[in-house]
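In: mind looking at a prediction? Sequence and model below.
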Amino acid sequence: AASSQDTGPKALLSAQPQSMPKRHQVRIKWALVVAAVVVLAVGIPVAIADDQWPVAWELVFAPFGTLLRYALGKMLNGRHWVPLGTLAANLIGTLVVSVLAILAHDVVSADNDRIQDLLAGIVSGLAGCLTTVSTFMGELRGLGESRFDRAVAYGAGSIVLAQLLLLVSNGTYSWVYA
(Lines give C-alpha, C1' and ligand atoms only; values in the text may rest on other atoms or scores of the structure.)
Protein backbone atom coordinates (compact mmCIF):
# COMPACT_ATOMS: atom_id res chain seq x y z
CA ALA A 1 0.00 0.00 0.00
CA ALA A 2 1.26 3.48 -0.83
CA SER A 3 2.09 5.77 2.02
CA SER A 4 0.24 9.05 2.29
CA GLN A 5 3.42 10.69 3.51
CA ASP A 6 5.54 12.41 0.83
CA THR A 7 9.18 11.31 1.04
CA GLY A 8 10.46 12.92 -2.15
CA PRO A 9 13.40 15.33 -2.30
CA LYS A 10 11.18 18.39 -1.87
CA ALA A 11 9.61 16.96 1.27
CA LEU A 12 13.03 16.17 2.73
CA LEU A 13 14.30 19.70 2.07
CA SER A 14 11.24 21.36 3.57
CA ALA A 15 10.96 19.06 6.60
CA GLN A 16 11.17 20.75 9.97
CA PRO A 17 13.88 19.44 12.29
CA GLN A 18 12.72 17.26 15.14
CA SER A 19 13.27 18.80 18.54
CA MET A 20 16.00 17.01 20.44
CA PRO A 21 15.98 16.60 24.20
CA LYS A 22 18.21 19.12 25.98
CA ARG A 23 20.44 16.40 27.46
CA HIS A 24 21.22 15.11 23.95
CA GLN A 25 22.02 18.62 22.76
CA VAL A 26 24.46 19.06 25.65
CA ARG A 27 26.12 15.70 24.91
CA ILE A 28 26.50 16.57 21.23
CA LYS A 29 27.98 19.97 22.05
CA TRP A 30 30.52 18.42 24.41
CA ALA A 31 31.37 15.73 21.87
CA LEU A 32 32.04 18.45 19.29
CA VAL A 33 34.22 20.39 21.73
CA VAL A 34 36.25 17.26 22.52
CA ALA A 35 36.58 16.45 18.80
CA ALA A 36 37.77 20.01 18.07
CA VAL A 37 40.35 19.85 20.87
CA VAL A 38 41.65 16.51 19.58
CA VAL A 39 41.89 17.85 16.01
CA LEU A 40 43.82 20.90 17.25
CA ALA A 41 46.02 18.93 19.64
CA VAL A 42 46.98 16.46 16.90
CA GLY A 43 46.74 18.67 13.83
CA ILE A 44 48.93 21.56 14.91
CA PRO A 45 51.98 19.45 15.88
CA VAL A 46 51.59 17.28 12.76
CA ALA A 47 51.41 20.39 10.52
CA ILE A 48 54.47 21.91 12.20
CA ALA A 49 56.44 18.65 12.00
CA ASP A 50 55.61 18.44 8.29
CA ASP A 51 56.65 22.10 7.82
CA GLN A 52 53.09 23.03 6.86
CA TRP A 53 52.98 26.32 8.74
CA PRO A 54 49.96 27.79 6.90
CA VAL A 55 47.92 24.75 7.96
CA ALA A 56 49.16 25.07 11.55
CA TRP A 57 48.18 28.76 11.61
CA GLU A 58 44.78 27.94 10.07
CA LEU A 59 44.15 25.47 12.88
CA VAL A 60 45.20 28.07 15.45
CA PHE A 61 42.99 30.87 14.11
CA ALA A 62 39.94 28.93 12.86
CA PRO A 63 38.32 28.55 16.30
CA PHE A 64 38.46 32.32 16.84
CA GLY A 65 36.68 32.98 13.53
CA THR A 66 34.07 30.36 14.35
CA LEU A 67 33.44 31.70 17.84
CA LEU A 68 33.27 35.31 16.65
CA ARG A 69 30.75 34.36 13.95
CA TYR A 70 28.70 32.46 16.53
CA ALA A 71 28.78 35.38 18.99
CA LEU A 72 27.80 37.92 16.33
CA GLY A 73 24.91 35.72 15.26
CA LYS A 74 23.69 35.25 18.82
CA MET A 75 23.96 38.97 19.62
CA LEU A 76 22.63 40.47 16.39
CA ASN A 77 20.51 38.00 14.40
CA GLY A 78 16.77 38.14 15.01
CA ARG A 79 16.71 41.79 16.03
CA HIS A 80 15.92 43.03 12.54
CA TRP A 81 14.67 41.50 9.30
CA VAL A 82 18.27 41.62 8.08
CA PRO A 83 20.44 38.95 9.76
CA LEU A 84 22.84 41.56 11.13
CA GLY A 85 25.14 39.02 12.80
CA THR A 86 25.87 37.23 9.55
CA LEU A 87 26.20 40.52 7.71
CA ALA A 88 28.66 41.81 10.33
CA ALA A 89 30.66 38.54 10.26
CA ASN A 90 30.92 38.62 6.47
CA LEU A 91 31.93 42.30 6.40
CA ILE A 92 34.53 41.88 9.17
CA GLY A 93 35.92 38.84 7.34
CA THR A 94 36.08 40.83 4.10
CA LEU A 95 38.00 43.60 5.86
CA VAL A 96 40.42 41.08 7.43
CA VAL A 97 41.13 39.52 4.03
CA SER A 98 41.58 42.96 2.45
CA VAL A 99 43.99 44.28 5.08
CA LEU A 100 46.02 41.06 5.17
CA ALA A 101 46.22 40.95 1.37
CA ILE A 102 47.70 44.45 1.45
CA LEU A 103 50.16 43.38 4.14
CA ALA A 104 51.15 40.22 2.29
CA HIS A 105 51.53 41.96 -1.06
CA ASP A 106 53.00 45.35 -0.22
CA VAL A 107 54.26 45.51 3.36
CA VAL A 108 55.77 42.16 4.35
CA SER A 109 58.69 40.99 2.28
CA ALA A 110 57.82 38.07 0.00
CA ASP A 111 61.05 36.47 1.25
CA ASN A 112 59.73 36.36 4.81
CA ASP A 113 58.11 32.93 4.55
CA ARG A 114 57.05 32.63 8.20
CA ILE A 115 55.13 35.93 8.19
CA GLN A 116 53.58 35.12 4.81
CA ASP A 117 52.53 31.73 6.22
CA LEU A 118 51.04 33.45 9.27
CA LEU A 119 49.07 35.90 7.12
CA ALA A 120 47.81 33.06 4.90
CA GLY A 121 46.77 31.10 7.99
CA ILE A 122 44.85 34.07 9.40
CA VAL A 123 43.07 34.60 6.09
CA SER A 124 42.13 30.94 5.68
CA GLY A 125 41.58 30.15 9.36
CA LEU A 126 40.11 33.25 10.97
CA ALA A 127 38.45 34.93 7.99
CA GLY A 128 37.51 31.62 6.38
CA CYS A 129 35.59 30.51 9.46
CA LEU A 130 34.24 33.98 10.18
CA THR A 131 32.67 34.42 6.77
CA THR A 132 30.01 32.00 5.68
CA VAL A 133 28.45 31.47 2.29
CA SER A 134 26.23 28.60 3.46
CA THR A 135 24.54 30.65 6.18
CA PHE A 136 24.25 33.63 3.83
CA MET A 137 22.55 31.46 1.19
CA GLY A 138 20.28 29.83 3.76
CA GLU A 139 19.19 33.21 5.05
CA LEU A 140 18.58 34.44 1.50
CA ARG A 141 16.42 31.39 0.86
CA GLY A 142 14.49 31.91 4.08
CA LEU A 143 13.90 35.57 3.32
CA GLY A 144 12.96 34.73 -0.26
CA GLU A 145 10.27 32.32 0.89
CA SER A 146 8.49 35.04 2.84
CA ARG A 147 9.61 38.33 1.28
CA PHE A 148 11.43 38.15 -2.05
CA ASP A 149 12.07 41.91 -2.02
CA ARG A 150 13.89 41.62 1.31
CA ALA A 151 15.98 38.71 0.05
CA VAL A 152 17.05 40.76 -2.97
CA ALA A 153 17.80 43.78 -0.76
CA TYR A 154 19.83 41.70 1.72
CA GLY A 155 21.75 39.82 -0.98
CA ALA A 156 22.50 42.87 -3.11
CA GLY A 157 23.18 45.01 -0.05
CA SER A 158 25.66 42.49 1.35
CA ILE A 159 27.59 42.35 -1.91
CA VAL A 160 27.56 46.13 -2.40
CA LEU A 161 28.65 46.77 1.20
CA ALA A 162 31.51 44.26 0.88
CA GLN A 163 32.65 45.86 -2.38
CA LEU A 164 32.49 49.34 -0.83
CA LEU A 165 34.50 48.09 2.15
CA LEU A 166 37.13 46.74 -0.25
CA LEU A 167 37.13 50.00 -2.18
CA VAL A 168 37.67 52.01 0.99
CA SER A 169 40.36 49.75 2.48
CA ASN A 170 42.31 48.98 -0.70
CA GLY A 171 41.59 52.36 -2.24
CA THR A 172 42.77 54.26 0.81
CA TYR A 173 45.98 52.29 0.90
CA SER A 174 46.55 52.81 -2.84
CA TRP A 175 45.76 56.52 -2.71
CA VAL A 176 48.01 57.13 0.29
CA TYR A 177 50.95 54.83 -0.44
CA ALA A 178 50.99 54.15 -4.18
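Out: That came through, no problem.

In: switch to C-alpha atoms for all contacts and neighbour counts from now on
Out: Will do.

In: other residues contacting stretch 40-58?
Out: Applying Cα atoms under 8 Å, 6 or more residues apart in numbering, the contact partners of stretch 40-58 are 59, 60, 114, 117, 118, 120, 121, 122, 123, 124, 125, 126.

In: let's see 6 Å
Out: Residues external to stretch 40-58 that are found in contact with it (Cα atoms under 6 Å, 6 or more residues apart in numbering): 117, 118, 121, 124, 125.

In: could you tell me which residues within it count as buried?
Out: 40, 43, 44, 47, 53, 54, 55, 56, 57, 58 (16 or more other Cα atoms under 10 Å).

In: just stretch 55-75 next, same as before
Out: The neighbour-count check on stretch 55-75 (16+ other Cα under 10 Å) flags 55-66, 68-69, 72-73 as buried.

In: check stretch 150-157 too.
Out: Those would be 150, 151, 154, 155, for stretch 150-157 by 16+ other Cα under 10 Å.

In: give me the phi and psi for the residue nearest to the spatial centre of the chain.
Out: The residue lying closest to the centre of the chain (Cα atoms, centre = their mean) is residue 131, at 2.6 Å. The phi/psi pair for residue 131 (degrees, to the nearest 10) reads phi -80, psi 150.

In: list the contacts of it.
Out: 89, 90, 93.

In: for residue 69, see how far away it is.
Out: The gap separating residue 131 from residue 69 is 7 Å, by Cα to Cα, to the nearest Å.

In: which residues do those two both contact?
Out: Residues within reach of residue 131 and of residue 69 at once, by Cα under 6 Å, 6+ apart, are residue 89.

In: which helix or strand in the chain has the lowest average pLDDT?
Out: When the helices and strands of the chain are compared on mean pLDDT, DSSP states H and E, helix 9-14 comes out lowest with a mean of 50.

In: quick one: name whatever helix or strand follows that one.
Out: Downstream of helix 9-14, the next assigned helix or strand under DSSP states H and E is helix 22-49.
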